[in-house]
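Visitor: let's see this in three dimensions:
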Amino acid sequence: MRCKGPILCLAVDLRFELDDLTRPAIIAFLEEHLEDMHAVSPPESVHALDLTGLRGQDVAFWSAWEGESLAGCGALKDHGDGTYELKSMRTSSGGRGRGVGSALLRFLLDQARVRGAARVLLETGSEEYFAPARRLYARHGFEVRGPFADYTDDPNSVYMELAL
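Guide: The predicted structure follows:
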């Protein structure tokens, strides 16, 4: 653990597991994620995958653990030709502001590289709720771009890309 000053400590000691999405803690975490997305975005602008979508053949999903506590999760969806999409990246409320999101994102980008990714794309919200996520992605080199795959122009969405 790295600490900044006497109070703020950043978590960097996480265990990542390729997850089969069957544990109750993961299911509840993802249900909360979908509830949050529907609470802050119009239904037509919610692009988070449900459990069925995350179990697709083209998706690899990881959970991140701090000891026995679920700290976050994220997935990579393979679009083919070296293009991967970051999906369902979420940090637990207790992990926010401690470096968990950065550690999770670095892990997912490393996994994309191992799989031969040339680029990683993502969609996130344009609402203020998503500002911390947009800042995180920008800090890691993602740049704003236009819609990709089946996405369309949507004032509630921001599309980003990182060339690897």
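Visitor: CA only for contacts and neighbour counts going forward, please
Guide: Fine.
Visitor: who's in contact with the longest helix anywhere in the chain?
Guide: Criterion DSSP state H: the longest helix present in the chain is helix 24-40. Residues outside helix 24-40 that contact it (C-alpha atoms under 8 Å, 6 or more residues apart in numbering) are L21, V46, A48, D50, L51, S63, L70, S88, R90, E127, Y129.
Visitor: got the phi/psi numbers for the second one?
Guide: The phi and psi values for V46, taken as degrees, to the nearest 10, are phi -90, psi 110.
Visitor: biggest separation within the contacts of helix 24-40, which pair?
Guide: L21 and E127 (28.3 Å; C-alpha to C-alpha).
Visitor: which one's more surrounded, those two?
Guide: L21 (17 against 13; other C-alpha atoms under 10 Å).
Visitor: leaving out sequence neighbours, find the closest residue to that one.
Guide: Leaving aside its chain neighbours, L21 sits nearest to I27 (6.6 Å; criterion: C-alpha to C-alpha, 6 or more residues apart in numbering).
Visitor: try S45
Guide: S45 sits nearest to N156 (C-alpha to C-alpha, 6+ apart), 6.3 Å away.
Visitor: contacting residues for the one you found?
Guide: N156 makes contacts with S41, S45, G125, S126, E127, as judged by C-alpha under 8 Å, 6+ apart.
Visitor: now intersect these with the strands, please.
Guide: G125 (DSSP state E).
Visitor: nearest to R15 among the contacts of N156?
Guide: G125 (27.7 Å).
Visitor: neighbours around the nearest residue to that closest one once chain neighbours are set aside, how many?
Guide: Leaving aside its sequence neighbours, G125 sits nearest to S157 (C-alpha to C-alpha, 6+ apart; 4.5 Å). As a burial measure, S157 scores 22 neighbours (other C-alpha under 10 Å).
Visitor: phi, psi for the residue positioned nearest the centre of the chain please.
Guide: Residue closest to the mean C-alpha point of the chain, counted by C-alpha atoms, centre = their mean, is M89 at 1.7 Å. Main-chain torsions, M89, degrees, to the nearest 10: phi -80, psi 130.
Visitor: any of the contacts of N156 buried? List them.
Guide: S41, S45, G125, S126 (16 or more other C-alpha atoms under 10 Å).
Visitor: among these, which pair sits farthest apart?
Guide: That would be S45 and S126, which, of these, are the farthest apart (C-alpha to C-alpha) at 10.1 Å.
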